[in-house]
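Participant: please find the sequence and the predicted model below.
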Amino acid sequence: MRDIVKNLREQAKKDPRKIVFPEAGDERVVEAVDYINKEKIAKALLLTHDNLEVEKQEKYANIFHERKKVKGVSFEEARELMENPLYYAAMMVKHDGVDGFVAGAKFTTSSVIKAALNCLDIDKTAGTISSCFIIDVPDCPYGENGTFVYADCGVIPYPSSEQLANISISSARFAKDVLQITPRVALLSFSTKGSAKGRWVDKIKDAVEIAKSKKSGFMIDGELQGDSALDPKVASRKLDESNVAGAANILVFPNLDAGNICYKLSQRLAKARAIGPIILGVKQACSDLSRGCEVEDIVDCAAVTVVRAQKKS
């Protein structure tokens, strides 16, 4: 087990939090929950249709209806949603002292995001709901000894410059808080500092300027090609000065196509461990899962969710 994964699990064990898993019908989740509880990584609760409490369903439906009735949601629709373990889990996190939820082994990413958006508190300082992956590449000299954060790989198909700026800052804050590394954020492109032109390049340039104008204190640069972002030798040939180029550990992709493809290629071709997608931009801790996840992926996501909950308390 690589240090980054071991460290996350050990940090979680120091103060295990209540994490709910609303996919009892998936054997991978069942096995992961057993392991998590055995190792005391979290206080894991597996939700089934049988342990959804009627009184809580009514309570959650009333709360949800009050919050959403201005958008035309009826009480009957709210009550029906609370039959769904995913929405019930999200409401437990918001209203009943549960510290986070992990889902996505069977539910789609869009379903998990909708539950988070509709039930949890939006972090207005983040500005954008997005996601990131922790990518841990064995025997890799780049990034943070082979550890990276990839963003956004799961939520926004074609982010605007403003959204890319917000994603850059959210992912940097996540890396600093949870991984305890100094973030160096590269906004990726097919161009390095004007080597190509066009509206797609301009969008990345604008995103960098917007991110810097927000004065987050994080090192953010772009537009950078992948090799310029990662390899100090290439960076020294392609540009004069940058506190990110050649040393990036946060990679922000121009769109969801690029992010999703790259994280899956990293998994398969570089044998990387991919933890996530981790949902950013909501105040409570929650994580999505790839539907192709393995048991260890679920355990790792739970550990990250616990650590995030620790930081939020």
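Facilitator: Okay, I see it. Numbering: from 1, shown residues only.

Participant: and whatever helix or strand R308 lives in, how far out from the chain's middle?
Facilitator: Take DSSP states H and E as the rule and R308 turns out to sit in helix 295-312. Centroid separation for helix 295-312 versus its chain: 11 Å, with C-alpha atoms, centre = their mean, to the nearest Å.

Participant: and for stretch 83-101?
Facilitator: Worked out by C-alpha atoms, centre = their mean, stretch 83-101 lies 18 Å from the chain centre.

Participant: now do the same end-to-end measure for it.
Facilitator: 17 Å (C-alpha to C-alpha, to the nearest Å).

Participant: which residues touch that stretch?
Facilitator: 17-24, 45, 47-49, 52, 56-57, 59-60, 63-64, 81-82, 103, 107, 111-112, 115-116, 118-121, 284-287, 305-306, 308-309, 313 (C-beta atoms under 8 Å, 6 or more residues apart in numbering). Yep, even glycine has a C-beta here, placed from its N, CA and C like the rest.

Participant: could you flag which of those are buried?
Facilitator: The neighbour count (16 or more other C-beta atoms under 10 Å) marks 17-24, 45, 47, 52, 57, 60, 63-64, 81-82, 103, 107, 111-112, 115-116, 118-120, 284-287, 305-306, 308-309 as buried among the contacts of stretch 83-101.

Participant: the residues you listed in helices, which ones?
Facilitator: Among those, the members found in helices (DSSP state H) are 57, 60, 63-64, 81, 111-112, 115-116, 118-119, 305-306, 308-309.

Participant: this structure: strands as residue ranges?
Facilitator: 18-21, 43-46, 100-102, 130-136, 147-151, 184-188, 219-224, 250-252, 273-280, 285-287 (DSSP state E).

Participant: any chance of these in JSON lines, plus distance to V73?
Facilitator: Compiled in JSON lines, these are given as follows (distance: least, C-beta to C-beta, whole Å):
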{"stretch": "strand 18-21", "distance to V73": "23"}
{"stretch": "strand 43-46", "distance to V73": "27"}
{"stretch": "strand 100-102", "distance to V73": "21"}
{"stretch": "strand 130-136", "distance to V73": "25"}
{"stretch": "strand 147-151", "distance to V73": "31"}
{"stretch": "strand 184-188", "distance to V73": "37"}
{"stretch": "strand 219-224", "distance to V73": "39"}
{"stretch": "strand 250-252", "distance to V73": "34"}
{"stretch": "strand 273-280", "distance to V73": "22"}
{"stretch": "strand 285-287", "distance to V73": "21"}
